[in-house]
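Enquirer: Structure for the following, please:
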Amino acid sequence: MEKQLEYLERFYASTVDGYLWNKKVKPHLKVNEEALQKAYKRRELGYDIEMILIPTRETLLEYLDPKVEVNTIEGFNILKQEVDSDERIKTYTYTSHYPFNPIGIYLENVDQLNIGDVFGPLETLNGFLIVHIADSKRGPLRPYEQEKSIIEQDLLFGLKEKYIWESQQRIFKEANPIMNKQAIMEMAARFDPDVKKWPGVDPELVLMEYRFEGKKIPYTASDFIEFSHHQPVFRGLLSNPNDMKKMMGNFLIGIYLLHEAKGMGMEENEEYLHWIKYKKNGVFVHHFKQEKIFRELKVSEGELKEYYESIQEKFLCFGEAKIAVYKYSNFQQAMDSRQLLQEQTQFHEKRTKENIGEIETIKIQMPNEQYSMSIIEAVSKQCPGELSMPVKAGESYWLVKLLSKSGTATIPFPVVRNQIQHNFLKEKESNMYDQQIAVLEEIYPISVNLLDL
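Expert: From the prediction side, this is the model:
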């Protein structure tokens with residue numbers, strides 16, 4: 001529990017809208033009228049920008065030396081061609097106006113951009129950028145009052161990103177982390193996602209060395225496992241060495257910013273005291289449930305089927321349906337196509353390169369165990385002619401258009417088993433919790449003074 005609270009403290013101190021942010025940064029995140037007017041005048045000129053985003057230093061090293069600048073159009077085009085088939089690397093073409101986010105955050109001479117400029121690699125919060133200013137265009141500006149809020153958002157975004165970037169660079173310079181790449185790769189390779197453990201990894205394996213408060217400190221496999229268990233929020237895969245490095249970087253940011261926050265009096269701050277009291281209560285309740293309830297919370301297959309039979313009326317659906325389906329490899333493709341498909345008068349008309357997908361007409365006869373609950377629910381809610389939001393179906397995403405629907409049937413047990421198990425365990429947990437609370441109230445009677453309420 002102490003470790004959980006320690007990680008919660010770090011999170012509170014270091015996150016955006018946390019203690020340090022609100023005390024040290026937020027008061028300075030202001031854009032005055034002069035800056036807004038100046039930015040407005042500069043937005044008349046827009047630039048067509050080509051940008052290559054390489055996510056990690058390791059990926060960059062496969063193509064470039066980070067210390068060698070890419071500063072010619074020829075060099076940019078050669079690199080663009082080389083990375084074209086690498087799915088890890090993204091290439092963007094877009095038109096940008098002042099302050100030219102995101103590149104404007106990391107450039108000192110953002111006011112002096114010219115057609116043909118090439119620069120990079122620029123290290124950023126999201127990876128390394130190589131940029132080509134391909135063209136420029138002037139256009140009429142909308143009235144200032146219509147543009148003002150957009151300009152303000154762009155400028156504030158730049159200020160926020162710049163602060164986060166500079167803060168991280170300062171911390172990494174002080175911590176001077178030395179990563180043991182071989183050890184990190186070994187640990188990542190041993191991660192078992194099914195049990196969320198690292199079988200065979202030596203807990204004392206040193207993944208990194210860093211400096212903190214003047215001391216050189218080893219960061220071991222057991223430290224990383226602790227991080228994975230207690231860090232409230234982290235991104236990435238525990239089986240990916242590069243993601244592991246980012247997580248270790250987040251650990252360093254957390255301990256340094258917590259140290260700074262404590263030096264600013266965080267532990268005496270009234271808002272913090274209320275927050276930590278609330279979080280402690282949550283940790284204690286979770287620990288109580290873990291010890292007294294979750295260990296005993298078990299359910300047999302027979303109990304699940306009996307529970308299902310007692311509430312079958314909740315799983316009524318259509319008897320038969322005919323649907324037209326567009327299939328896509330990812331959610332974003334499906335969402336992009338949905339907008340185009342909704343504008344068409346018929347489902348199969350005006351197919352374009354942007355909205356094409358694998359099309360299939362399907363007849364569903366219920367009860368049927370072939371289709372997932374998400375598909376059945378989507379069809380159940382639809383009226384003929386309606387197009388669904390993207391629905392996960394195995395490894396793909398479907399857009400479902402209902403052509404016809406009739407009759408009534410019950411969704412079979414195998415399809416709803418997971419939902420049944422979740423609901424049944426929730427009910428059982430609630431009953432066990434009430435029983436435990438009743439025992440505690442017997443041991444520790446509660447008295448309420450109504451006169452003080």
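Enquirer: how far does stretch 373-389 stretch from start to finish?
Expert: Start-to-end span of stretch 373-389 (C-alpha to C-alpha, to the nearest Å) is 15 Å.
Enquirer: Any chance you could list what contacts that stretch?
Expert: Residues external to stretch 373-389 that are found in contact with it (C-beta atoms under 8 Å, 6 or more residues apart in numbering): 317-318, 321, 323, 338, 341-342, 347, 364, 366, 391-393, 398-405, 411, 415-416, 418-419. C-betas here are computed from N, CA, C, even on glycine.
Enquirer: Please narrow the residues you listed to those residing in strands.
Expert: Counting by DSSP state E, the contacts of stretch 373-389 place 317-318, 321, 323, 364, 391-393, 398-405 in strands.
Enquirer: of those, closest to L60?
Expert: Distances from L60 to the ones in strands among the contacts of stretch 373-389, taken as C-beta to C-beta, are shortest for K392 (33.4 Å).
Enquirer: residues near that closest one, how many?
Expert: 13 (other C-beta atoms under 10 Å).
Enquirer: Pop out the phi and psi values for the residue lying closest to it once chain neighbours are set aside.
Expert: Nearest non-adjacent residue to K392, counting by C-beta to C-beta, 6 or more residues apart in numbering: S374, 5.9 Å away. Torsion angles at S374 (phi, psi; degrees, to the nearest 10) stand at phi -60, psi -40.
Enquirer: Tell me who's in contact with D223.
Expert: Listed by C-beta under 8 Å, 6+ apart, the contact partners of D223 are 207, 251.
Enquirer: if we can go back for a sec, now, of the contacts of stretch 373-389, which are buried?
Expert: 317-318, 321, 323, 338, 341, 347, 364, 366, 391, 393, 398-403, 405, 411, 415-416 (16 or more other C-beta atoms under 10 Å).
Enquirer: Next one: E358, what pLDDT does it get?
Expert: At E358, the predicted lDDT confidence score is 63.
Enquirer: which intervals of the chain have sub-threshold pLDDT?
Expert: 343-358, 450-453 (pLDDT under 70).
Enquirer: what about the strands in it?
Expert: Ranges of strands in the chain, per DSSP E, are 45-54, 90-97, 118-124, 127-138, 178-179, 206-212, 215-220, 316-328, 358-365, 391-393, 396-410.
Enquirer: what's next to the shortest one, contact-wise?
Expert: Contacts to strand 178-179, defined as C-beta under 8 Å, 6+ apart, come from residues 207-210, 245, 248.
Enquirer: repeat for stretch 143-151
Expert: Counting by C-beta under 8 Å, 6+ apart, 36-37, 39-40, 43, 141 sit against stretch 143-151.
Enquirer: which of the ones in strands among the contacts of stretch 373-389 sit farthest apart?
Expert: K392 and S404 (23.9 Å).
Enquirer: re the thing from before, from the ones in strands among the contacts of stretch 373-389, which is closest to G254?
Expert: Of all these, G254 sits closest to K392, with 33.4 Å by C-beta to C-beta.
Enquirer: Could you report the separation of the closest one from G75?
Expert: 42 Å (C-beta to C-beta, to the nearest Å).
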